[in-house]
Each structure stands twice: as structure tokens, then as C-alpha cells.
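Student: I would like the atomic coordinates for the input below:
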Amino acid sequence: MHFKWNYEPPTPEERQAAKELGEKLNISPILAHLLIRRGITTESAAKRFFRPQLADLINPFLMKDMDIAVDRLNDAMGRKERILVYGDYDVDGCTAVALVYKFLRQFYSNIDYYIPDRYDEGYGVNQKGLEYARQTGVKLIIILDCGIKAVKEINYAKSIGIDFIICDHHVPDEELPQAAAILNPKREGDSYPFKDLCGCGVGFKFMQAFAKNNGIPFSRLIPLLDFCAVSIAADLVPVVDENRILAFHGLKQLNQNPSIGLKAIIDICGLSGRELTMSDIVFKLGPRINASGRMENGKESVDLLVERDFPHALSEAKHIDRYNEQRKDVDRQMTEEANQIVERLENQRHQSSIVLYDEHWKKGVIGIVASRLTEIYFRPTVVLTRDGDLATGSARSVAGFDIYSAIKNCRDLLLNFGGHTYA
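Tutor: Numbering: from 1, shown residues only. Here you go, the predicted model:
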């Protein structure tokens, strides 16, 4: 890939501002100018950037429906209702489910978790998952990193006596599900000041609010921050503002006292004894957590993340490591096949996007292939495969092109879709 750099020299005003900020912080004007370009223009803002403090986390009750969500959870626990923590099969969903389940099980025993099978059930809320909830007597489902578009399914759940609390960060539609509460900072009319939380981040804010409402010390939440760091890094959300605070302290937790499941993954990655970085999460930990959902069932990753016994966790970590090796082989083969297709398309150089289909490609890996093609050709890319009688796909985009809006404009051709600006 060839980059064309557009360098804009600082204006005299920017030079002066950088000089003044640099003097206050005792740093180079060049570094001060970079801070200003990031929107950090004051001494106090710079200190918050360099030294993120948990005390600066936003009041969770500023999020719309948070008070309703906490009340419904308190009611469920008071009435001893069965609670199901339900999530997506990717890293964000699995860490979110692990975080909420691990926190609540300290105070409540009538609780379970569920991750849908990518190949048997597909993404999000589905009939099989709802039937499992009904048969096991579930009255409240806390759904994480999905659910915001599951209007029909959640409305049906309500008709059979199951309430939902949605904790999502994907872009909502105009019509929202009839859930007991919807926690999503991207909701229209939501005054929560930070919009870029990941799914695990929304789950953390819910638990923060629950703890605050019930007089539980915030210190009980700190051991779970490593899940937030893993999720923020793997989901590639902007590491700014509240995400920066959660990532900074989560990375600290990951290095000093990781949860048993994450420690097992660190061990099988060969990273024990060294300082872990966000890059280690993106390229080492994250792919292994993702691998079980890509190759088999993401529930195995949650089983590992909530495990209390280290020898057992290590055995589970080795198992998902084997999934990751299988994923690499499939990924390599599919990417090579996709590249060959693109190279055969003589008119591709004149096209502004790439759309590929092969009915034999593995559904759990097409997102990785789309990412690789986007990196190689620097064009929005959609990769599709066959799923029964339907085509299912994954899309990735480049800076400056909102792939979600583009797909939304084709919604009359689709049964379901969701995501973000770039995926």
C-alpha cells in the first residue's frame, strides 16, 4: 500500500499555542502541537491525557435508561428471578458477558450465560436462544454487544414473559425493541457525553451504576478492568476520553493481577513475565479469544474467561489456541483465493469498492479476509459466503467512507445488518 501524506504546517497561532502549552507542561513544542491537534489544548486536559484517573470516569446514570436498568436488575434479584447474561461471540461480546457474569455472581447465584453458535444460530438474539431461556425459567436477559436491532425477537420475548436489558454500542435504527431498558450512548436523545464505548464498556457502566446504587465499593470492579482493556483494544474503538481511562487501568490490571482465564491465555501466548501492551492484545490475546467463535462456539471463550481454577483454565486456553491455529490456516487460504479473484478482475482498478462471494468460504473468517483486502487495496470491501439459502457477509471500510450508511441505503435488499462506520 502506498500512502500520500498531506502535511499541513502549523499556523503562527498554532505555533504560539504549542509554545505556551509546552512551557506549562515542560515538554517540547512539537509534542505540545501534537496534543493540540488531538484537541488537548489546556494543561488540565493534558494531565488527564497523560495520567488517566478512575475518578474521572463519567457518572453512569447520565446514560439514558440507566436508572431503569438498575431498578429492573434489583427487582429481578429481589424476586429471585433467573437471569441470563447473553452476548455476541466476538472478543467484545465474550469479555462483556464475562465481566457482567463474574461481577453479579458475587452477589447472586441464580444466573447463567449464553453465547449463540455462529453457525447454528447466527448473530444476536434468535429463536433457539430464547427457547433455551424459556425452558430454563429465565425472566430477565442482560444482552451485551448486540440486541439493538432485534426488534421482532425481543418483542416476542416480552410476550412470553422475558424482559431484556440491552447493553449495546452499535448504531440503532429508528424503531427500538420493547426492552425493559436500552443502554446505548448512540441512542438519539441520549445525553451521555462519550459515544464511543465498546459493548464491554457499556456493560461495565451498567455494573458501575449497579454497584453505586447498592453501596458496593468501586474497588470491587477494579479486578474486571482487564476485560475492558482487552475489549477496547480488540474492538478497535478510539482510545480516548473514557476508553483511555478504562484501557490504561485495565492494562495495569492485566499486567499486575490478570483474571485466571486471561492469565492462562497470556501463558500460552508466551507473554508471561513481560510488560503487555495494547498491541499484544490486538495480535496475541484477542485472536485467541475470537478463535472459538470463528471456528466452533464462542461460549468456550467465556467458559475460559470466568474459570476459577488455573490448571483447568490452562487446559481450556490450549484448546482455543488450537482453534486459533486452524483459523490461521483457513484465513491464509481464503485470503489467497480472494486476492486471486481481485487480480483476475481486469476492471478492478477502476472500481471504488470490492465485493466478493464464494459459497465455500468459512463464515467465521470472512471478516478477517475483508480487513486484509481493505489494507491491501485501500477500498471498502464486502466478503460474502453462503449460509443455507442465504448469503451472509462482512464489510470493512477505509477512512472517510461510512460503510454502515452505505449498507443502510441498501436495507431493502437485506434481511438483517448492523455495525459501525468502518465495519
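
Student: where in the protein is pLDDT low?
Tutor: 1-3, 346-349 (pLDDT under 70).

Student: Can you identify the helix in it that spans the most residues?
Tutor: Longest helix in the chain, counting residues (DSSP state H): helix 310-344.

Student: mind listing the strands for the stretch 51-200 of the chain?
Tutor: 82-87, 111-114, 138-144, 163-167, 181-183 (DSSP state E, counting those that start in this stretch).

Student: Adding distance to residue 371 and mean neighbour count, write the ones you listed out as JSON lines.
Tutor: All C-beta atoms are positioned from the backbone trio N, CA, C, and that covers glycine. Formatted as JSON lines, those follow (distance: least, Cβ to Cβ, whole Å; neighbours: other Cβ atoms under 10 Å):
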{"stretch": "strand 82-87", "distance to residue 371": "22", "mean neighbour count": "25"}
{"stretch": "strand 111-114", "distance to residue 371": "28", "mean neighbour count": "19"}
{"stretch": "strand 138-144", "distance to residue 371": "23", "mean neighbour count": "26"}
{"stretch": "strand 163-167", "distance to residue 371": "25", "mean neighbour count": "27"}
{"stretch": "strand 181-183", "distance to residue 371": "28", "mean neighbour count": "25"}
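
Student: right, and the ones you listed - which one's nearest residue 331?
Tutor: Checking those against residue 331 by Cβ to Cβ gives strand 82-87 as the closest, at 23.4 Å.

Student: For the closest one, give me every contacting residue.
Tutor: 73, 76-77, 93-94, 96-97, 100-101, 104, 108, 110-116, 125, 129, 133, 136-147, 199, 302 (Cβ atoms under 8 Å, 6 or more residues apart in numbering).

Student: try 6 Å this time
Tutor: 76, 93, 96-97, 100-101, 110-115, 133, 137-145 (Cβ atoms under 6 Å, 6 or more residues apart in numbering).

Student: Stretch 319-328 too?
Tutor: Identification of contacts with stretch 319-328 by Cβ under 6 Å, 6+ apart yields 268, 287, 288, 291, 292, 294, 295.

Student: Apply 8 Å and report the result again.
Tutor: Under Cβ under 8 Å, 6+ apart, the answer for stretch 319-328 is 265, 268, 287-292, 294-296, 300-301, 304, 364-365.

Student: and of those residues, the nearest to residue 222?
Tutor: Distances from residue 222 to those, taken as Cβ to Cβ, are shortest for residue 265 (19.9 Å).

Student: Tell me if I'm right that residue 206 and residue 168 touch.
Tutor: No - contact between residue 206 and residue 168 fails when scored by Cβ atoms under 8 Å: they sit 11.2 Å apart.

Student: How many residues are close by residue 272?
Tutor: Using other Cβ atoms under 10 Å, residue 272 has 10 other residues around it.

Student: Ok, the one 3 residues further on next?
Tutor: The criterion is other Cβ under 10 Å. On that basis, residue 275 has 8 neighbouring residues.

Student: and if you look at residue 40?
Tutor: The number of residues packed near residue 40 is 19, by other Cβ under 10 Å.

Student: what do you get for residue 403?
Tutor: 22.

Student: dump the residue contacts of it.
Tutor: Each residue near residue 403 by Cβ under 8 Å, 6+ apart is listed here: 380, 395, 396, 397, 419, 421, 422, 423.

Student: related to what we said a few turns ago, pick the one among the contacts of stretch 319-328 closest to residue 227.
Tutor: Closest approach to residue 227 among the contacts of stretch 319-328 (Cβ to Cβ): residue 289, at 10.2 Å.
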